[in-house]
Structure formats: structure tokens, C-alpha cells
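1. structure of the sequence below:
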Amino acid sequence: MTIVSLLAEAGLTGRGGAAFSTATKVAAAHAHDAELVVNACDGELGAAKDGWVVANRLGELVDGATEIADGARVTYAAHRGSETAHLLRAAGLRLLAVPPRYVSSEESAIISLAQGGLARPMTKRQPFVRGGRDSEGRRISPMVVLNAETVWRASQISRHGAAWFRSYGTPDQPGPRLVSVSTPSARGVVAETAAGAPVDALLDLAGGRPDTSPALLVGGLGGTFVRTADVDGLHWSDADLARVGARTGPGVLEVLDPTDCPLGFVDRCLTWAAGESAGQCGPCMFGLPALSADWRALASGRDDTAYARVRSRVGLLPGRGACRFPDGVAGFAWSALHVFAEHLEQHRAGRCDAADLRTTERRTMSTPTDRTSGAGGVGGAGRTRRPADDTGRRLGLVHEPRVAVDRVACTGHGVCAQLLAGVTLDEWGYPVVGDDRVVGEDGRELADTAVRLCPARALYLR
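-> Got it, this is the predicted structure:
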């Protein structure tokens, strides 16, 4: 049985957060002779799993990588200067030293760095396992990135079989998995568990959850806050976490310190996030610092308009970057708005039951230039986007072109908003294009014109 067949039978999915089928990715890599990069960066806040695998299971990790690569070159990615990078280099393995920044360990950023570019996310017009070009037209050879734990699990499946793997976890989420746990007592404790385990049992491995803790953060900076009262009886599986709006994701749990103001915790995270943008996609480059500033104003309790601004920003950020960094931060802030609503009222009343809001050195940014929204465009709001009989579309049998923006290439000229109905500009002049911006037959000519006239060549149809 081939490694692809074994992985498919076992049901292994990526352990880095996306939970995509590993068999599908490996099959595509073999079909396109793609090089393999093993991502051991632990890029998420609070993550420590990759470092644990390298420190404790390096031989099995290498075996898994060799089998998956099937003769292709293997590279191991780790943050520059980290203990993980030191261990990989000492073992004589091919090392890709990644800058210790949040977005630098994102899949396309690693591929860019591995192929001579900067460690910045690239717009994905097609899966990079098939190769392609970046926003500047530079050729990208086929490459696949797999999380270190994922590769180690593949080695275990090869050695012990799919049935052994499926004897752990749940039918929907089979196999053993690692979780990074932080509490007020200990940070970065790596626990081996499986889907379905009680969350409190995992927290107990790192000192437990104080009853007075305001919340549990599931998933790091792209994750969800869960009220302490809702943690009781909660199990570590997507099916059970869904009832509190969370998912297993990258496998990170953090119990908030009851002596720390939860709004201050969010403030520090958003301040840090604002400085981690790659500085290439406008909505992220400007939007995250603006969200951070608005959150601080909200937490101060003295700005009556801050709540509306935060709500507006978290709605505008998702889907507008080359990577999902702004999406994750927006979800993080949105979750905090809901879970800490009562604490926000405390701050409005001039008090805080936990502690004074901590202040953090923050980066400054220039004031954005006002830009005119093109919501009224030339496209004609009354036009029909699709035929009356949309059966083929609903069944997925008809490809409908959609307006898309290469966020890396976009420099905010705003031409698209002047030409296309349904495309607006944010306060910095960058386009807001909804996922439902379908181009019907009657709008195709105008859409093609907009693509052709885009000064940055950032607009395209997909």
C-alpha cells in the first residue's frame, strides 16, 4: 500500500490548524514532483508542538518526511535562532531559517522564502503544490508545506497502520494529537491526547483552571474565547467545541490569569498583531493598527464611539489579505467583544474587577487619506447577475467568474470601485470585494475592462 493510500485510510489531517486532508496534499505533491518543506516554526501564539516533535521524535520525523517526499528534496523550516533550528542544524538536516515573525511561518511565506524571496505571504491563485507565479511574475516551482506534527503522524501510520491510528480519537477526528497548554501556573506544556478528551483534563496537565479565570482562549491569535462557565463538560473535538464557537485548530489552549484584566490581555495581543503585518496588503497594514487603537480606546471606557468602530473593523478585515492573518485577528477581537461584554461595562463605569488596563508600547502610523467610495459604480445596480434558472450553479456544475484582488499587488488606486458595482473602498482606498461578487454574462465585458485598466494589475477574475 502506498503512503498516500495509508494516509487516506487513516484519515490524517493537518495538525497546523487548517485540518486539510494530508493524503490529498501528498498525492498532489507526488503528481507535480513538489519539494517538501516541514514546518517546525510553532508560529501561533502559545504553540510549542513543533519544537516538542523535533526535540523528542526527530528520527521518526525524518522517516516520515523521507517517505512523504518520495525522492524529492526535503527542507525543515524553523524560526531563526530558535532551539528547534539549532537541533535541526545539529542533525545535519537542510534548514530554512525563518524570521521570527507571525506571518513568516504561513505556508506561502515559507514557500516564498524557500525560493529566494521574502518571508511574506503570496496571493494563492492556485495551490502552490502545482507551482505558479507570485504577484511580481516570479516563477514558483511546485512545493508542499506540511506541519511537523503531521509528518511525524505520517511516520507513525506507516509503522503501525491505519487501524492503530483510528483507534484513537473520534470517527470525525481520528488519531493521537498534541496540544500546547498554558495556564497561570505553566506555559507551553505539550500534552499528547486525542479528540474527545475532556478539556479540563488537558488543562490539569499544566496546573489547572482557576475558577476565577475570566475565559479560556482556544486557538491562539486566530482563535476564540470561551467563558469559564462554558468550559465545564467541554471536550476537545470540533464537534463539541462548535457549541461554544471554537474549533481544535492549531491545538493551543490558554487559560487567562484571573488577576489580569481580560481587556488588557486582548489589548496586548492586538498591539502585537498590529506590528506583525508583512506590510504588503493595505487592509492588514492599516486595518490591524486601526483595530488595535480602537480596541484600546474601547477598553479605556472613555470613548463612546469606539465600540461601533471595533465592530465595523472586524467586519471589514476578513478575506482581504494574501493570508488569513487579518481574518484570524478579526475573529479574535469579535469573540472578545462578546465574551467580555460585562467587563467592558465595568470599564465604562470606571472600574475593573481584575486589574488596571496595562499599557504597551505601540507602533505609530500616519493618518490615512480620505478616499471616495465607489459604491455607485458604472455597473448598474439593477442588472441581473445570473440566469433565472440557477440549478447548474447551485449544483456546482457551472463555473461563475468572480472578481478577486491580488492583495499583495494592490496599491489602492481605486479604479475598480469606479467601474464595478458592488466594489467599494475602505478608508485607505483599498477595495472591499465580497465573496459573492459574481460576474454574470452581462457584466463580463465591464469586468474584463476593469481587470485591464487596474494600474497595479491586481484585479483578476477567478
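2. which element follows the strand or helix carrying residue 296 toward the C-terminus?
-> According to DSSP states H and E, residue 296 maps onto helix 282-300. Sequence-wise, the next helix or strand downstream of helix 282-300 (DSSP H and E) is helix 306-316.
3. returning to what we had before: what is the helix holding residue 296 packed up against?
-> Here helix 282-300 touches helix 262-274, helix 306-316, helix 325-339, helix 341-348, going by 3 or more Cβ pairs under 8 Å, 6 or more residues apart in numbering; DSSP states H and E. To be clear about C-beta, it is placed using only N, CA and C from the backbone, and glycine gets the same treatment.
4. got the buried residues for it?
-> 282-299 (16 or more other Cβ atoms under 10 Å).
5. if we can go back for a sec, which of the helices and strands packed on helix 282-300 sits closest to residue 6?
-> The closest of those to residue 6 is helix 325-339. By Cβ to Cβ, the value is 31.8 Å.
6. pLDDT below threshold where in the stretch 251-400 of the chain?
-> Within the stretch 251-400 of the chain, the set of residues satisfying pLDDT under 70 comprises 355-400.
7. and with 90 instead?
-> For the stretch 251-400 of the chain, residues meeting the criterion pLDDT under 90 lie at 275-287, 301-304, 314-326, 348-400.
8. how about the stretch 1-150 of the chain?
-> In the stretch 1-150 of the chain (pLDDT under 90), the answer is 1, 16-19, 123-127, 132-138.
9. let's see 70
-> In the stretch 1-150 of the chain, no residues with pLDDT under 70.
10. for it, which segments count as strands?
-> Here the stretch 1-150 of the chain has its strands, by DSSP state E, counting those that start in this stretch, at 35-39, 74-79, 95-98, 132-133, 139-140, 143-147.
11. circling back: report the angle between the helix holding residue 296 and helix 325-339.
-> Helix 282-300 and helix 325-339 meet at an angle of 20 degrees, taking axes from the mean of the first three to the mean of the last three Cα atoms, to 10 degrees as the criterion.
12. distance check, residue 323 against residue 220.
-> Going from residue 323 to residue 220 by Cβ to Cβ, to the nearest Å gives 15 Å.
13. swap in residue 324?
-> Counting by Cβ to Cβ - residue 324 and residue 220 are separated by 13 Å.
14. do the same with residue 57
-> Counting by Cβ to Cβ, the gap from residue 57 to residue 220 is 22 Å.
15. compare these two and say which is more crowded by neighbours.
-> Higher neighbour count among residue 57 and residue 220: residue 220, with 24 against 18, using other Cβ atoms under 10 Å.
16. for the more buried one, give me its contacts.
-> Counting by Cβ atoms under 8 Å, 6 or more residues apart in numbering, residue 220 touches 44, 45, 46, 47, 249, 250, 252, 254.
17. out of those residues, which is most surrounded?
-> residue 250 (28 neighbours).
18. helix, strand or coil for that residue?
-> Here residue 250 is coil, with the state taken from DSSP: H, G, I helix; E, B strand; the rest coil.
19. ranges for the strands of the stretch 351-462 of the chain?
-> 403-405, 423-425, 431-433, 459-461.
20. partner strands of the third one, with direction?
-> When pairs are called by DSSP bridges, strand 431-433 turns out to pair with strand 423-425 (antiparallel).
21. how far is the partner strand from where the chain is centred?
-> What separates the centre of strand 423-425 from the centre of its chain is 24 Å, taken as Cα atoms, centre = their mean, to the nearest Å.
22. for stretch 235-242, same thing?
-> Taking Cα atoms, centre = their mean, one finds the center of stretch 235-242 at 19 Å from the center of the full chain.
23. ok, residues contacting it?
-> For stretch 235-242, using Cβ under 8 Å, 6+ apart, the contacting residues are 19, 169-170, 172-173, 179, 193-199, 202, 218, 234, 247-248.
24. repeat that for 7 Å
-> 170, 172-173, 179, 193, 195-199, 202, 218, 234, 247-248 (Cβ atoms under 7 Å, 6 or more residues apart in numbering).
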